[in-house]
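# Sharing a sequence plus its predicted fold:
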Amino acid sequence: MKMFLAYLILLALSYYAAALTDSRELTQASSYLTGKWEMWYIANDLNQDGVLSLDDVKVFEVFYAKIDFPEDEQRHPTFSTIERLWRTALLGGRSEVSKNEFVEILKTSYESNKTNFVETMREFDRAFFEVIDLNGDNFLSKEECMLDLMATNHMDTFKDEEFFNAHKLVNGLIPFEEEIDVWLRFQTEDDT
Ligand SMILES: [Ca+2]
Ligand SMILES: [Ca+2]
């Protein structure tokens, strides 16, 4: 009888431990992370009409379409990747979204599968950086960053070159992977 009781207690404890483990594995977006997404919504509203839509990505495209690319043929496939990701990952397939809807779309995606969410954001960031990396060397120069900030109406971010110099520079340039990591931490991390 004692053995049986001990067995039952062990069984109960193991279920309890499993339940604790499960709850730890649930991914929930913290208010800190959703706060960053709210800031990102405002930053992505490139035409500054108060609503996020495909018109915003057009602002970016129109700016870069005017610049002579050394690898001109590369630009259009990258633009179509950006549009696809903008439409699916940020707009949830709609033509435009409010700030609350935007946060909800990201929250649902993040909480259902964080790994997929991070990979989608990585693809999204890479597509953008491929456009702004004008000479295609996989590094971002100060001039390339300035043009990007002009394209996205964020020149104020560049004040005193602080923004640029905050990166881990290699020979005075930002390595592509470093810039992607910086953005991924902003878009997907709960505590940085
Ligand atoms: Ca807009
Ligand atoms: Ca470059």
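In hand now; what should we look at? Ligands and ions are numbered 1, 2, ... in the order given.

# Hmm, residue 32 and residue 191 touching each other?
Yes: Residue 191 lies in contact with residue 32 (CB atoms under 8 Å); the separation is 7.2 Å. C-beta: built from backbone N, CA, C; applies to glycine.

# of these two, who's got more company?
residue 32 (11 against 7; other CB atoms under 10 Å).

# Just give me the neighbour total for the residue lying closest to the more buried one once chain neighbours are set aside.
Counting by CB to CB, 6 or more residues apart in numbering, residue 32 lies nearest to residue 190, which is 6.2 Å off, once chain neighbours are set aside. Look at residue 190: counted by other CB under 10 Å, it has 14 neighbours.

# which ones are touching residue 145?
Going by CB atoms under 8 Å, 6 or more residues apart in numbering, residue 145 touches 132, 158, 163-164, 174.

# And what about it, helix, strand or coil?
Going by DSSP: H, G, I helix; E, B strand; the rest coil, the secondary structure assigned to residue 145 is helix.

# ok, so what distance separates it from residue 154?
10 Å (CB to CB, to the nearest Å).

# what does residue 181 give?
For residue 181 relative to residue 154 (CB to CB), the value is 19 Å.

# For residue 98, what are phi and psi?
Per-residue torsions, residue 98: phi -80, psi 170 (degrees, to the nearest 10).

# Do I have it right that it meets residue 45?
No: Residue 98 lies out of contact with residue 45 (CB under 8 Å); the separation is 11.0 Å.

# Show me where this structure has its strands.
52-53, 96-97, 139-140, 174-175 (DSSP state E).
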